[in-house]
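Asks: can't give you the sequence, but here's the structure:
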Ligand SMILES: Nc1nc2c(ncn2[C@@H]2O[C@H](COP(=O)(O)OP(=O)(O)OP(=O)(O)O)[C@@H](O)[C@H]2O)c(=O)[nH]1
């Protein structure tokens, strides 16, 4: 039975900071945001977590197996090295969408993202125990993106096509299946899933093809951490490539 632990990361009072005492150079903001993302990815990643950059000022992490003291250490490390601080809200639920709602409420209850007094919130609930079937991760990939898109269309047309597919996938997977899907680069989307059967993945792929004309395949894996479920999903995706299947569900996710 899936049980996803989601951490919402929010940069404290970031909006006002970007324009105080006057608007800061965009290039500096872009550098800060991408370095902060890389840093969080490394810190949570070294403990089996995945971080998705989403809007950069808000990031969403899958943190099964990572306890409160590690979250606090990460906050301290960021405070010591960056001109900004971060708040973390943590939620747990079989449905990733509901876990994220709980994580969001934990932060929102402590004050606004633009409240100068609200700093380094660490609030919400942590999974008591981990089990191998806690997490299901799906790794979606566009079929033959290199041959059909990258090597044929200009880079912007390819980007727009991939983004259209991603937008459809993200919205549909959330609304129809309570899963959270994130673009991770190239033609890849990684999704955190509730308990779904094969038909749900087939239906999702058919929907994105119909709505955006983007042809996907997906590998699905399970595990106690994002790292282990995500790696099983990557192997399942490789089997799709070998066998020509659209959906491969690893035994770890059954
Ligand atoms: N983040 C991430 N990006 C990947 C991964 N695998 C491939 N990519 C990216 O996706 C791009 C396309 O690679 P593939 O998906 O292997 O190529 P393809 O042409 O779509 O071929 P098939 O997937 O075999 O249909 C690469 O240039 C990378 O940018 C992955 O596991 N994670």
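Replies: It's in. Computed from a predicted model, the values in this text were never measured in an experiment. Numbers count the residues shown, from 1 in each chain.

Asks: Quick test: name the residue nearest the centre of this protein.
Replies: residue 52 (3.7 Å; Cα atoms, centre = their mean).

Asks: Quick check: chain neighbours aside, which residue is closest to that one?
Replies: Spatial nearest neighbour of residue 52, excluding adjacent residues (Cβ to Cβ, 6 or more residues apart in numbering): residue 182 at 3.8 Å. Where you see a C-beta, it was placed from the backbone N, CA and C, and this is true even at glycine.

Asks: Check residue 189 too.
Replies: residue 140 (4.3 Å).

Asks: Can you tell me the SS state at that neighbour?
Replies: Look at residue 140: counting by DSSP: H, G, I helix; E, B strand; the rest coil, its state is strand.

Asks: ok, now which ones touch it?
Replies: When contacts are counted by Cβ atoms under 8 Å, 6 or more residues apart in numbering, residue 140 touches 169, 181, 188, 189, 190, 191, 216, 217, 218.

Asks: same thing but at 10 Å, please
Replies: Residue 140 is in contact with 165-166, 169, 173, 181, 183-184, 187-191, 201, 204-205, 208, 214, 216-220, 233, 237, counting by Cβ atoms under 10 Å, 6 or more residues apart in numbering.

Asks: Tell me which helix or strand residue 23 sits in.
Replies: Here residue 23 sits in a region with no helix or strand, counting by DSSP states H and E.

Asks: residues near it, how many?
Replies: Residues lying near residue 23 (other Cβ atoms under 10 Å) number 9.

Asks: dump the residue contacts of it.
Replies: residue 29.

Asks: any idea of the pLDDT on it?
Replies: As predicted, residue 23 sits at a pLDDT of 96.

Asks: Now the closest residue to the ligand within the chain. Its backbone dihedrals?
Replies: The nearest approach of the chain to the ligand comes at residue 186, 2.3 Å away (Cβ to the nearest ligand atom). Per-residue torsions, residue 186: phi 60, psi -120 (degrees, to the nearest 10).

Asks: from what I can see it touches residue 139, true?
Replies: No - taking contacts as Cβ atoms under 10 Å, residue 186 lies outside contact range of residue 139: 11.6 Å.

Asks: interface residues of this protein facing the ligand?
Replies: Residues of the chain found near the ligand, taking Cβ under 6 Å from any ligand atom as the criterion, are 141-147, 184-188, 234, 241.

Asks: ok, now with 8 Å
Replies: Contact residues, the chain versus the ligand (Cβ under 8 Å from any ligand atom): 139, 141-148, 150, 184-188, 190, 217, 234, 237, 241.

Asks: Tell me how far residue 233 lies from residue 239.
Replies: 11 Å (Cβ to Cβ, to the nearest Å).

Asks: quick revisit: buried ones among the residues of the chain next to the ligand?
Replies: 139, 141, 142, 143, 145, 184, 187, 188, 190, 217, 234, 237 (16 or more other Cβ atoms under 10 Å).

Asks: Where do the strands of this protein begin and end?
Replies: For the chain, the strands defined by DSSP state E cover 4-11, 50-52, 58-62, 86-93, 122-124, 135-142, 180-185, 188-193, 216-223, 247-249.

Asks: So for residue 21, which of the ones you listed sits nearest?
Replies: For the strands of the chain, the distance to residue 21 is smallest for strand 4-11, at 18.4 Å, taking Cβ to Cβ.

Asks: between the closest one and strand 86-93, how many degrees?
Replies: Orientation check (axes from the mean of the first three to the mean of the last three Cα atoms, to 10 degrees): strand 4-11 against strand 86-93 gives 160 degrees.

Asks: pLDDT score for the residue nearest to residue 189?
Replies: For residue 140, the model assigns a pLDDT of 98.
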